[in-house]
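S.K.: below: sequence and its predicted model.
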Amino acid sequence: MDTLSNEAQNLSTARQYLGALERMEEAGVIARFFHTDLVQEEFPNRLVPNGARRDLNAVLEGVESGRRIMKSQRYEVLNALAAGEQVILEVDWSGELSTSLGEQFPAGFQFHARFAVFLEFQDGKIIAQRNYDCYDPW
């Protein structure tokens, strides 16, 4: 596969991945986007002040946790760039809680964030993901 078609395929896969997250698909469905050696890094932000580093199992557990606590979520890709085996997305995200997460975040609370995500691909699957999330004040 030439570089241009490979980049286009990776970009398409990245968009499909966000679509599956938006539809709150089950972890088993989301897993098809990931390489078995996936490493996801979430850099420090308002919800995860110390950041996090997760393997495939932890990411899939997070998918299921999100399905339990979120009523809905929306991912709008504002900018996208594919270069070689990397895709970079600028995303506007919003999500509504279906359940309370303490007094600060009652059921129905709406989060909003802009974020950049860097996805690295190997064999057509995401092997590395780095998130830089910027949440609106609450």
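M.R.: On my side now, so go ahead. Given the structure is predicted, the values throughout are model-derived calculations rather than measurements.

S.K.: now stretch 117-124, how far from the centre of its chain.
M.R.: Between the centre of stretch 117-124 and the centre of its chain there are 12 Å (Cα atoms, centre = their mean, to the nearest Å).

S.K.: with stretch 5-17 instead?
M.R.: In terms of Cα atoms, centre = their mean, the centre of stretch 5-17 is set 15 Å apart from its chain centre.

S.K.: so where's the chain uncertain?
M.R.: Per-residue confidence for the chain (pLDDT under 70) gives these ranges: 1-4.

S.K.: select the longest helix from it.
M.R.: Ranked by number of residues, the top helix in the chain under DSSP state H is helix 3-22.

S.K.: pop out the phi and psi values for residue 58.
M.R.: Here the main-chain torsion angles of residue 58 (degrees, to the nearest 10) amount to phi -70, psi -40.

S.K.: how about the helices in the protein?
M.R.: In the chain, helices defined by DSSP H lie at 3-22, 27-30, 56-69, listed in chain order.

S.K.: distance of the most centrally placed residue in the chain relative to residue 115?
M.R.: In the chain, the C-alpha nearest the mean C-alpha coordinate belongs to residue 18, at 6.5 Å (Cα atoms, centre = their mean). Separation of residue 18 from residue 115 (Cβ to Cβ, to the nearest Å) stands at 11 Å. C-beta coordinates here come from the backbone N, C-alpha and C atoms, glycine included.

S.K.: between these two, what contacts are shared?
M.R.: Listed as contacting both residue 18 and residue 115 by Cβ atoms under 8 Å, 6 or more residues apart in numbering are residue 91.

S.K.: that's all I had, so thanks and see you.
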